[in-house]
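Student: Would you be able to build a 3D model of this:
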Amino acid sequence: MSEPQATPHPYYPRDLSLPGYRPNRVPLSELLGLFFGLVAIVLIGTWILAGRYNKPVADRIVICWFVACGFIHCVLEGYFAANHETLVGGGSYLAEMWKEYGHGDSRYLTSDPFVVCMETITAVVDGPLSFAAAIAHLTGSRHRYPLQLVVSLCQLYGDTLYMCIEYKEGFVHGEFGHPLHFWFYFVFLNLFWIVVPLLLIIQAYRALVEGTNGDIRRGSAKKKK
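Tutor: Below you'll find the predicted structure:
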């Protein structure tokens, strides 16, 4: 008696084995609409909250960024970290979001050791620290720039390593050049966690240097007295 044939899948490489794979049932427009809609709600709510604290526009943007990061890291990436082994057969909205993203990087559907470790660290460490950085900026805490620097360095390092490994492997885990799967999912979305953290690292570094110089000047003034 022959063994049952595995369900065909649309992922790359084409000979990839995905036992238990179940095609998505939720339409693409609904998945993307739900994800970006939730992110928009988080951003709008945070923008309004920061405005009640009379924060200037630049600070409100930074606070919104860290809250959105905390939401994505803890909820979406936290779900992946906890359910990566059963993702290919999952039918929940979050599972189907990851199966859709898997068109751009199928490592998420095979429990790739690097991706699992990276996303687990992101969810457990970067997520809570992102919320802490947002709260620190909202309250004007002196810890805001150290937290911003730590979180941004973690994000920049993790995402750069993630993209570089796929580059070294020849972009074999997705359809190279595909406008949605490659350029939007893999390149455009991931560039956010390279460009924005890099800018925030520069900002935090300058703020910390200025603060240190101020302490030195005050210390020198006290000695002269």
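Student: What helix or strand is Cys64 located in?
Tutor: helix 57-71 (DSSP states H and E).
Student: list the helices and strands that helix packs on?
Tutor: helix 28-52, helix 127-139, helix 144-168, helix 189-224 (3 or more C-beta pairs under 8 Å, 6 or more residues apart in numbering; DSSP states H and E). From N, CA and C alone the C-beta is placed, and that goes for glycine too.
Student: show me the contacts for Phe188.
Tutor: Residues near Phe188 by C-beta atoms under 8 Å, 6 or more residues apart in numbering: none.
Student: okay, it: pLDDT?
Tutor: Note for Phe188: predicted pLDDT of 97.
Student: Could you look over the helices and strands packed on helix 57-71 and pick the most buried one?
Tutor: helix 127-139 (a mean of 21; mean count of other C-beta atoms under 10 Å).
Student: Tell me the buried residues in stretch 59-70?
Tutor: Using 16 or more other C-beta atoms under 10 Å as the test for burial, stretch 59-70 gives 59-60, 62-70.
Student: hang on, I meant stretch 9-29
Tutor: Applying 16+ other C-beta under 10 Å to stretch 9-29 flags 9, 11-12, 16, 18, 21, 24, 26 as buried.
Student: Could you dump those into JSON lines with pLDDT, distance to Ala132 and secondary structure added?
Tutor: As requested, the buried residues of stretch 9-29 are exported to JSON lines (pLDDT from 0 to 100; distance: C-beta to C-beta, whole Å; DSSP: H, G, I helix; E, B strand; the rest coil):
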{"residue": "His9", "pLDDT": "94", "distance to Ala132": "39", "secondary structure": "coil"}
{"residue": "Tyr11", "pLDDT": "97", "distance to Ala132": "36", "secondary structure": "coil"}
{"residue": "Tyr12", "pLDDT": "96", "distance to Ala132": "38", "secondary structure": "coil"}
{"residue": "Leu16", "pLDDT": "95", "distance to Ala132": "38", "secondary structure": "coil"}
{"residue": "Leu18", "pLDDT": "95", "distance to Ala132": "37", "secondary structure": "coil"}
{"residue": "Tyr21", "pLDDT": "96", "distance to Ala132": "38", "secondary structure": "coil"}
{"residue": "Asn24", "pLDDT": "97", "distance to Ala132": "35", "secondary structure": "coil"}
{"residue": "Val26", "pLDDT": "96", "distance to Ala132": "33", "secondary structure": "coil"}
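Student: closest to Gly170 among these?
Tutor: Comparing those against Gly170 with C-beta to C-beta places Tyr12 closest, at 10.9 Å.
Student: So which of the helices and strands packed on helix 57-71 is nearest Lys99?
Tutor: helix 28-52 (9.1 Å).
Student: other SSEs contacting the closest one?
Tutor: Using 3+ C-beta pairs under 8 Å, 6+ apart, helix 28-52 is in contact with helix 57-71, helix 93-101, helix 127-139.
Student: what's that helix in contact with?
Tutor: With C-beta under 8 Å, 6+ apart, helix 28-52 has contacts from 24, 59-60, 63-64, 67-68, 71-72, 76, 93, 96-97, 100, 134, 138.
Student: could you give the angle of that helix to helix 127-139?
Tutor: 40 degrees (axes from the mean of the first three to the mean of the last three C-alpha atoms, to 10 degrees).
Student: Can you list the low-confidence ranges for this structure?
Tutor: 1-6, 213-225 (pLDDT under 70).
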